[in-house]
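**Student:** Sequence and computational prediction follow.
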Amino acid sequence: METLLDINWRLFAVVTLNGLTLASLYFIVASGFTLIFGLMRIINMAHGSIYLLGGYIGYEVGAATGNWLVALLVAGAVMALAGAALQIAIFGWMQGQDLRQALASIGISIVAADQMLAYWGGSTYQVDLPSYFSSFVSIPLAGGYSAARLLLIGLAVIVGVGLWVVLNRTRIGMLIRAGVDDRDMLEALGKNVPVIFVGVFAIGAGLAGMAGVVGGSVLSLSPGEDARYLLSSLIVVIVGGMGSIPGAAVGALLVAMAETYGLAYTPTYGVVYTFAIMVAVLAFRPQGLMGRAV
Amino acid sequence: MTRRTLLWCAAGMGLIAYPLLVNNFWLVQIGGRTLGFGTIALSLVFLVAYGGMLSLAQMTVAGVAGYAVAYFTAPVAGVGLLLPWPLALLIALALATLAGLLIGLLAVRTLGIYTLMITLAIAMAFYFLTLQNYAIFNGYTGFSNVQPPVVAGVDFSRALPFYYLSLAIAAACYGAVRHITRTPFGLALQGVRDNPRRLRSLGYDVARVRVVAFAIAGLLAGLGGILNLWLNGSISPASVGINPVIDVLMAAVLGGFLHPIGAYVGALVFTVVDNFAINFIARERFNTLIGLVFLAVVLFSPDGITGLLRRGRIWLEEKVARLNRRRGRNAGSSSPMQSRQET
């Protein structure tokens, strides 16, 4: 009886840690999504494709150079450039037509998914981690736990704190926040809003690209992951509140925990809990937990 | 007006005579599929054109009906419950309407772009549910060998009866949409689309009007979903995954949201491209092709093919009018109205 209890606690601890790592990944992906929406009111349905493409590029660079950090940075940079290109070439000149932008991004995600399938095929990839992250760390209750997953939690904290500092303590952050509050006024003050838009799109896409490398190292990459992370981003920002970074953190935590516990304890209804959270939030607080009224 | 009536008669007769002209492939895989899939797209066009609400969950509602019919008429391996087909159809359509209603209740909490997000989240959550759940949805494999019923000696799994069944249901759905838009409810719905605040001050319950529209769209999508199920003979998570969900949106956008007929025009183009993509591009790269076409439509002709046709007709009419005017002037008999236009 006692051993049984022990095992259950161990399972609980491992599941909790798994939930935290998943929440970290969701947060990094969704923070870029929510940042882009907060400023530009663009629902970027291609955000999941950027995640997956970033992961694939990270895999290729990692395989070529053998350096994980280089892979992470290159994937982030390439995706940031791709994001900037998307904003300049497609979304920029239909600014204000949010539905049309969303439809265009859906078109892009379809083409991107198909081209990735053509190039990388249907098999599953894993980005190689440096050896010191492939080890296991001893954690009370849980026993050995993968260092890579703990690294992911650390990364999410760094991204969260970094975004907070940039948004609240720097001049660029001030401009972005001003743009979120009143875009027209900012433009009237003589700031170059289109350039700020491109920059924010690049940051959001870059975060998604890096998340792809991290997700591809800790979990794996395969076709269909783009839709999965798009879905998680959507639910995270609906729950947390559109355009809010703290909201993305809260939403990611709730959604990932519900998903992980759900899958561990009631495997065939895992997604129902995530969905129930979304329904509950929409019923009682349509603007999201941390969102402002729309 | 008479010209329009004539056009409709010609189109109707063409659709009825269509089986005489083509082989079974064109009859079922193009004709039948267009009508079934087009009915699902029609439910979306109805929501967008008259309610101003873009839902991505219409394929999901169609899937609910499809799964229900499969569950009650073609049980597999302990999953499902065999019922007489009229009862199964009734339950399936009731469930689809209910699903539409519930999605509406959630979606009308917010508006515009949020509706798109929420309905996409619902659609994908349903996909993952069907994938994970074995008790009701039979997981990854889903249901197969679902046959349409044999009614009074007519076997609807055969090509010709199935085509006429699809045509009858599609025509009924199309007629219903045309009719609804002229009823007080349909007018209220269009009022809500154009100016919710004014309708609210006139005493309408705006949220209820929207939810009812979602329920009607649910019923339409359910009918299309059942046709789709019978055509494919099977249903699985892949039938309600992200690709089919987006396919409905693509068909509707390709056809255009100006007029309900756009749904069937878009579905026809989509189906033809789907079947013949192999001739101009590798079969596996169909999504790239249709994605680029979709992107081009969104970027360059936001009201789709029907929008293009309408613009083409207006352009042609102007051309003809100008030609007539010139001819009139040459004859030296220009009316004062025309001369005012020309100055």
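**Tutor:** Structure received.
**Student:** tell me the pLDDT at the closest residue to residue B:178 other than its chain neighbours?
**Tutor:** In space, residue B:178 comes closest to residue B:260 once its chain neighbours are excluded; the distance is 6.6 Å by C-beta to C-beta, 6 or more residues apart in numbering or on different chains. For the C-beta atoms, the positions are set from N, CA and C on the backbone; glycine is no exception. Here the pLDDT value assigned to residue B:260 is 87.
**Student:** Quick check: phi and psi on residue B:260?
**Tutor:** The phi/psi pair for residue B:260 (degrees, to the nearest 10) reads phi -60, psi -30.
**Student:** residue ranges of the helices in the stretch 1-150 of chain A, please?
**Tutor:** Along the stretch 1-150 of chain A, counting by DSSP state H, counting those that start in this stretch, helices occupy A:2-40, A:47-65, A:68-86, A:98-120, A:147-169.
**Student:** Just the element for residue B:137, please.
**Tutor:** Residue B:137 is part of no helix or strand when elements are defined by DSSP states H and E.
**Student:** Contact partners for it?
**Tutor:** B:67, B:79, B:129, B:130, B:131, B:237 (C-beta atoms under 8 Å, 6 or more residues apart in numbering or on different chains).
**Student:** List just the nearest of the residues you listed to chain A.
**Tutor:** Distance to chain A, by C-beta to the nearest C-beta, is smallest for residue B:129 among the contacts of residue B:137, at 5.3 Å.
**Student:** Excluding residues flanking it in the chain, which one is nearest the closest one?
**Tutor:** Leaving aside its chain neighbours, residue B:129 sits nearest to residue A:271 (5.3 Å; criterion: C-beta to C-beta, 6+ apart).
**Student:** Just give the number of residues close to the one you found.
**Tutor:** Residues lying near residue A:271 (other C-beta atoms under 10 Å in any protein chain shown) number 24.
**Student:** pLDDT score assigned to it?
**Tutor:** pLDDT, residue A:271: 74.
**Student:** buried stuff in the helix or strand where it lies?
**Tutor:** Assigned by DSSP H and E, residue A:271 falls within helix A:270-284. Neighbour-count burial for helix A:270-284, with 16 or more other C-beta atoms under 10 Å in any protein chain shown as criterion, is recorded at A:270, A:271, A:272, A:273, A:274, A:275, A:277, A:278, A:279, A:281, A:282.
**Student:** What angle do helix A:147-169 and whichever strand or helix holds residue A:262 make with each other?
**Tutor:** According to DSSP H and E, residue A:262 maps onto helix A:245-265. Computed by axes from the mean of the first three to the mean of the last three C-alpha atoms, to 10 degrees, the angle separating helix A:245-265 from helix A:147-169 equals 160 degrees.
**Student:** Show me what helix A:245-265 is packed against.
**Tutor:** helix A:2-40, helix A:147-169, helix A:225-240, helix A:270-284 (3 or more C-beta pairs under 8 Å, 6 or more residues apart in numbering or on different chains; DSSP states H and E).
**Student:** Model confidence score at the residue nearest to the spatial centre of chain B, please.
**Tutor:** Among the residues of chain B, the one closest to the centroid is residue B:41, at 1.7 Å (C-alpha atoms, centre = their mean). Per-residue pLDDT puts residue B:41 at 93.
**Student:** and the gap between it and residue B:301?
**Tutor:** To residue B:301, residue B:41 is 17 Å away according to C-beta to C-beta, to the nearest Å.
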